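Trainee: give me a model of this one.
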Amino acid sequence: MTKKADVSDIGKVRNIGIAAHIDAGKTTLTERIIFYTGRAYKIGDVDEGTATMDWMEEEQKRGITITAAATSCSWGDNQINVIDTPGHVDFTTEVERSLRVLDGAICVFCGVAGVQAQSETVWRQADKYGVPRLCFVNKLDRVGADFLRTVADIKDKLGANTIPIQMPIGKEQDFKGCIDLVEMKAWLYKDADSKKDQMKNYEIVDVPEEYLPEAGKMREEMIEGLAEEVEWFMEKYLREEPITEADIKNAIREGTVTSKFTPVLCGTAFRNKGVQALLDAVCSYLPSPLDVPPVTGTHSKKEGTFTRKPSVDEPLAALAFKIYADKHGDMTYLRIYSGRLRSGQRVHNPRKGKTELVSRIYEMHANERELREEAVTGDIVAVIGLKDTVTGDTLCDREDEILLEPMQFPETVISMAIEPKTQAEKEKLVYALNRLKKEDPTFLAQMNSETGQLIMSGMGELHLEVLKNRMLSEFKVDANIGTPRVAYKETIARSVEIEEKFVQQTGGHGQYGHVVILFEPCKDAHPVIFEDKIKGGSIPKPYIRAVESAIKDSAIGGVSGGYPLINVKATLLDGSHHPVDSSDLAFYTAASRAFKQCLEQAGAVLLEPIMKVEVSVPEIYLGDVLGDLNGRRAEIQELDVRSGVRLIKGLVPLAEMFGYTTVLRSCTSGRGSFVMEPFQYKAAPKEVCASIA
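Mentor: Here you go, the predicted structure:
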């Protein structure tokens, strides 16, 4: 293993994630990164189930990444903290919460398939959190791979300002390496068997003469692209002053850190080509914790916005972004934004208002750990000892409180019933469900009040299947599990204004709560929006919080079918209180009754989840597949051709997609494939409403 870098300088730290569509080569690339940095002594293989980062039993069996795994390695005098994220849409929350705490990312694209469905999702997530990124066009040794076509695809479909800083040498099976357009040098790779040869499997030479014209043209295009986005570089370019390699590198770094453009590199991770040059680019162009803006947050008792600069001299601010239910206790992954965190230190959780004890701190390498005495600004570590902290919570000093913005997670779209086979298994089931719920914020388990069934909900069939298998294998739960079903939602059809009084007189203090609430449909709410428009103190603040709680609690029960209510805005317009008889309970009851009246007067609309679907099929099967999709109420949006394969893109109700994998394989002789992701909730047609009534 290589010597650990001296990172007393926070500017030498890089917190990056590897993200992409499933099977684009994320984990394969990560395995090469940890090998070439000396973090692992051999290269792991995804297909053989020996990948270091895919350490869970389910990951090794399926050959896919399910949970984000973190590691730390060194390249030169830089420390790189890497998180390898899943590519399957059912586990997209792992990507979401990883990007929330990262400073930069490598987005991997298949050189054959280009921009795929999950590529778009990952890109939007990175945009959401303002994460600077590099693009790595992978698998350029495959038949049909095309570097420039993929670059154009990224620009067209993602709206990205891409600037290639490398170009490939050779194509498909003749792919030999890449040309560095900054230094105008060629990286030529050779196949190697021994570890010693693999560590130095390339040589850097002058650009081959036959590639000079194209390389010169692409270098000029790169310089022009930099000049358009970096002001000082443009001035130098227009004055026709000499432009040095250092100038180009500084311009690339400035534009990347500020997300003005995205550099594009190339290679084939499986063949060990392009990885070392990518690591150089990570250290040269992606931001350190010092390059990102200070984090901002709020205070539970003070007005205004509070900030924490990335410095060890600032008060502690850390965000819990992931929890893993370890057999020795919950392991909480933290990103330290400012200050220091020491083993044995007591920290404050401002959302819970509780003090937690950090008993141990670990630097993680997939499922292996190294004990540390402290963590400092810029570190990503795991800690043991936190009892009440959940994903999205802030940890800080009690005397210098700050509450960072929490994470938002998507609504579940699929559910299934589960029940223990015996009473003795009930406790084990409850324990397993609670551990999994704490670990995965998109997994829900709750009792259906009408049927008495325990229902678990998730993001897709694969998501629930993996969780089911974990309960059976890890927690040894013996349970009966039903078939998956759609997680329908409900909303209201029209706006209504409800006035409700709850008045009750007893021998002592009575109860008095009076509210006037406007309920109205809205788009893309999550799940019910509450707005307070009380003026003049007609309802005191504590009672307003009780009104909000009543509405949100009532929304969980739904309208007619017991499905949760979404896409509703509730505005508290007016009301009154009694100086003696009013209480939280009185206003909670009044608001609950108002909500019930709203449901009776506004009319119910059943909503079904609509999935964005992308199907890949050979041309010969296109007609059969389109006919089948039309029978599934599909809305076909686009037909495309890529490398001789037809791509069908459209929107399909989730209820129509159960078992589609088997059907597609059958009608395409096993040559078709598809991916899908949640898109929106939409009013279900009458026949669907009647079938589930």
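Trainee: tell me which residues in whichever helix or strand Val430 is part of are buried?
Mentor: For Val430, the element it lies in under DSSP states H and E is helix 423-439. Residues Glu425, Lys428, Leu429, Ala432, Leu433, Arg435, Leu436, Lys437, Lys438, Glu439 are the ones in helix 423-439 that count as buried (16 or more other CB atoms under 10 Å). Where you see a C-beta, it was placed from the backbone N, CA and C, and this is true even at glycine.
Trainee: cool, stretch 405-423 as well?
Mentor: By 16+ other CB under 10 Å, the buried positions in stretch 405-423 come out as Met407, Phe409, Glu411, Thr412, Val413, Ile414, Ser415, Met416, Ala417, Ile418, Pro420.
Trainee: pairing partners for the longest strand along the chain, with directions?
Mentor: When the chain is parsed with DSSP state E, its longest strand is strand 604-618. Strand 604-618 has the following strand partners under DSSP bridges: strand 489-492 (antiparallel), strand 645-653 (antiparallel), strand 673-683 (antiparallel).
Trainee: which stretch among the ones you listed comes nearest Glu96?
Mentor: strand 673-683 (12.4 Å; CB to CB).
Trainee: state the mean pLDDT of that closest one.
Mentor: Computed over strand 673-683, the mean pLDDT rounds to 83.
Trainee: following it, which helix or strand shows up next?
Mentor: Taking DSSP H and E, what comes next after strand 673-683 is helix 686-692.
Trainee: related to what we said a few turns ago, in CSV, list the C-alpha atoms belonging to the longest strand of the chain.
Mentor: The C-alpha trace of strand 604-618 is given here as CSV (Å, rounded to 0.1, in the frame of the first residue of the first chain):
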residue,chain,number,x,y,z
ALA,A,604,-61.2,12.7,-4.5
VAL,A,605,-58.8,12.0,-7.4
LEU,A,606,-56.8,8.7,-7.5
LEU,A,607,-53.2,9.2,-8.7
GLU,A,608,-51.0,6.5,-10.1
PRO,A,609,-47.2,6.5,-10.5
ILE,A,610,-46.0,7.0,-14.1
MET,A,611,-42.6,5.7,-15.0
LYS,A,612,-40.1,7.0,-17.5
VAL,A,613,-39.1,4.0,-19.5
GLU,A,614,-36.3,3.4,-22.0
VAL,A,615,-36.4,0.1,-24.0
SER,A,616,-33.5,-1.1,-26.2
VAL,A,617,-34.4,-3.7,-28.9
PRO,A,618,-33.0,-4.9,-32.2
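Trainee: now it: buried residues?
Mentor: Neighbour counts using 16+ other CB under 10 Å place 604-617 of strand 604-618 among the buried residues.
Trainee: pull out the buried residues from stretch 178-193.
Mentor: The neighbour-count check on stretch 178-193 (16+ other CB under 10 Å) flags Cys178, Ile179, Asp180, Leu181, Val182, Ala186, Trp187, Leu188, Tyr189 as buried.
Trainee: what number of residues lie near Asn300?
Mentor: Small correction: residue 300 is Ser, not Asn. Using other CB atoms under 10 Å, Ser300 has 10 neighbouring residues.
Trainee: so it sits in a helix?
Mentor: No - counting by DSSP: H, G, I helix; E, B strand; the rest coil, Ser300 falls outside a helix, being coil.
Trainee: would you quantify the distance from it to Gly458?
Mentor: Ser300 is 32 Å from Gly458, where distance means CB to CB, to the nearest Å.
Trainee: which helix or strand lies directly C-terminal to the helix holding Val430?
Mentor: With elements assigned by DSSP H and E, the helix or strand that comes after helix 423-439 is strand 444-447.
Trainee: what are the pairing partners of that following strand, and which direction each?
Mentor: Within its sheet, strand 444-447 is paired with strand 454-458 (antiparallel), according to DSSP bridges.
Trainee: could you list the buried residues of the helix or strand that contains Asp624?
Mentor: Assigned by DSSP H and E, Asp624 falls within helix 622-630. Within helix 622-630, the residues that qualify as buried are Leu622, Val625, Leu626, Asp628, Leu629, counting by 16+ other CB under 10 Å.
Trainee: ok, now which ones touch the second one?
Mentor: Contacts for Val625 were tallied using CB atoms under 8 Å, 6 or more residues apart in numbering; they are Val615, Val617, Ile648, Leu664, Cys667, Thr668, Gly672.
Trainee: change it to 6 Å
Mentor: When contacts are counted by CB atoms under 6 Å, 6 or more residues apart in numbering, Val625 touches Val617.
Trainee: quick one: it from Val663, how far?
Mentor: Using CB to CB, we find Val625 at a distance of 9 Å from Val663.
Trainee: with the third one instead?
Mentor: Here Leu626 is placed at a distance of 13 Å from Val663 (CB to CB).
Trainee: repeat that for the last one.
Mentor: Going from Leu629 to Val663 by CB to CB gives 10 Å.
Trainee: what's around Pro653, how many residues?
Mentor: For Pro653, the count of nearby residues is 19 (other CB under 10 Å).
Trainee: repeat for Ser74
Mentor: Neighbours around Ser74, by other CB under 10 Å: 19.
Trainee: checking my notes, it in a helix, right?
Mentor: No - using three-state DSSP, the secondary structure at Ser74 is strand, not a helix.
Trainee: and the pLDDT for it?
Mentor: As predicted, Ser74 sits at a pLDDT of 92.
Trainee: so in terms of bridging, what pairs with it?
Mentor: Bridge pairing for Ser74 (DSSP bridges) gives the partners Gln79.
Trainee: same thing with Lys273?
Mentor: As for beta bridges, Lys273 partners with Thr268 under DSSP bridges.
Trainee: against Phe109, how distant is it?
Mentor: Lys273 sits 16 Å away from Phe109, taking CB to CB as the criterion.
Trainee: Thr28: which element?
Mentor: Going by DSSP H and E, Thr28 is in helix 26-36.
Trainee: let's verify the residue nearest the centre of the chain: helix, strand, or coil?
Mentor: In the chain, the residue lying closest to the centroid (CA atoms, centre = their mean) is Glu96, at 1.7 Å. Secondary structure for Glu96, judged by three-state DSSP, is helix.
Trainee: confidence score at it?
Mentor: pLDDT, read off for Glu96, is 84.
Trainee: OK, contacts around it?
Mentor: Taking CB under 6 Å, 6+ apart, we find Glu96 in contact with Gln125.
Trainee: for the one 3 residues further on, same thing?
Mentor: Contacts of Leu99 were listed using CB under 6 Å, 6+ apart, and they are Gln125, Ala126, Tyr129, Val131.
Trainee: 10 Å - rerun?
Mentor: Contact analysis of Leu99 by CB atoms under 10 Å, 6 or more residues apart in numbering lists 17, 19, 68, 83, 85, 105, 122, 125-131, 133, 321.
Trainee: just name the most buried of the strands paired with strand 604-618.
Mentor: strand 489-492 (a mean of 24; mean count of other CB atoms under 10 Å).
Trainee: contact partners of that one?
Mentor: With CB under 10 Å, 6+ apart as the test, strand 489-492 has contacts from 411-413, 519-523, 525, 527-528, 555, 557-569, 598-599, 601-609, 681, 683-684.
Trainee: among the residues you listed, name the ones in helices.
Mentor: Residues of the contacts of strand 489-492 located in helices (DSSP state H): Ala555, Gly557, Cys598, Leu599, Gln601, Ala602.
Trainee: just checking, which of the residues you listed comes out lowest on pLDDT?
Mentor: Least confident of the ones in helices among the contacts of strand 489-492 in the model: Gly557, at 70.
Trainee: please verify my assumption that it contacts Ile551.
Mentor: No - contact criterion CB atoms under 10 Å: Gly557 and Ile551 do not qualify, at 11.5 Å.
Trainee: what is in contact with those two at once?
Mentor: With CB under 10 Å, 6+ apart, Gly557 and Ile551 have common neighbours Leu565, Phe595.
Trainee: who has more neighbours, the two?
Mentor: More crowded of Gly557 and Ile551, by other CB under 10 Å: Ile551, with 25 against 16.
Trainee: among the buried residues of stretch 405-423, which two are most distant?
Mentor: Met407 and Pro420 (31.7 Å).
Trainee: sweet, I'm off.
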